[in-house]
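My questions concern the predicted model and sequence given below.
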Amino acid sequence: MTEIEWSDGTPIYRQLKERIIAMLLDGVLKPGDALPSVRQVAAEYRLNPITVSRAYQELADDQIVEKRRGLGMYVTEGATARLLHSERERFLREEWPQILARIQRLGLDIDTLLDPQRTWGKS
């Protein structure tokens, strides 16, 4: 994992979970890969092990990772496809309506959105 800036607005376990999801969607983690141990993550980022365990448990509850007794947590087969599906649904349900409303308020058209450099510097 890389350097993480923790935000005060969201619980750290959720931020950690989102970071792991991003790593999966970016292809940094792949099905079958082992997650770092709870102790390793807690020590590296100076977190309470319970915080790390909670993030890992939520990932397990979402069937993104599975616990292998005595071995640790591993990314499940199909995790990336499940994440893409759920993240796309969440984006379209929660984020896109706000983005679309802002686009409409600003009077932006599809050409400007697809090639923003053509309008930069124009007043």
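On my side now, so go ahead. Numbering: from 1, shown residues only.

Run through this structure and note the low-pLDDT ranges.
Scanning the chain for pLDDT under 70 picks out the ranges 1-3, 118-123.

all helices for it, in order.
For the chain, applying DSSP state H gives helices covering 12-25, 38-45, 49-61, 79-90, 96-106, 110-114.

now those in TSV, with mean neighbour count and distance to residue 32?
For glycine as for every other residue, the C-beta is placed from the backbone atoms N, C-alpha and C. Listed next are these as TSV, based on neighbours: other CB atoms under 10 Å; distance: least, CB to CB, whole Å:
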stretch	mean neighbour count	distance to residue 32
helix 12-25	18	12
helix 38-45	15	19
helix 49-61	17	15
helix 79-90	14	10
helix 96-106	10	32
helix 110-114	10	37
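
Go through these and name the closest to residue 6.
With CB to CB as the measure, helix 12-25 is the member of the helices of the chain nearest residue 6 (5.6 Å).

tell me which strands and helices that closest one is in contact with?
When contacts are defined as 3 or more CB pairs under 8 Å, 6 or more residues apart in numbering; DSSP states H and E, helix 12-25 packs onto helix 49-61, helix 79-90.

Make CSV out of those helices and add distance to residue 19.
CSV is the format used below for those (distance: least, CB to CB, whole Å):
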stretch, distance to residue 19
helix 49-61, 9
helix 79-90, 13
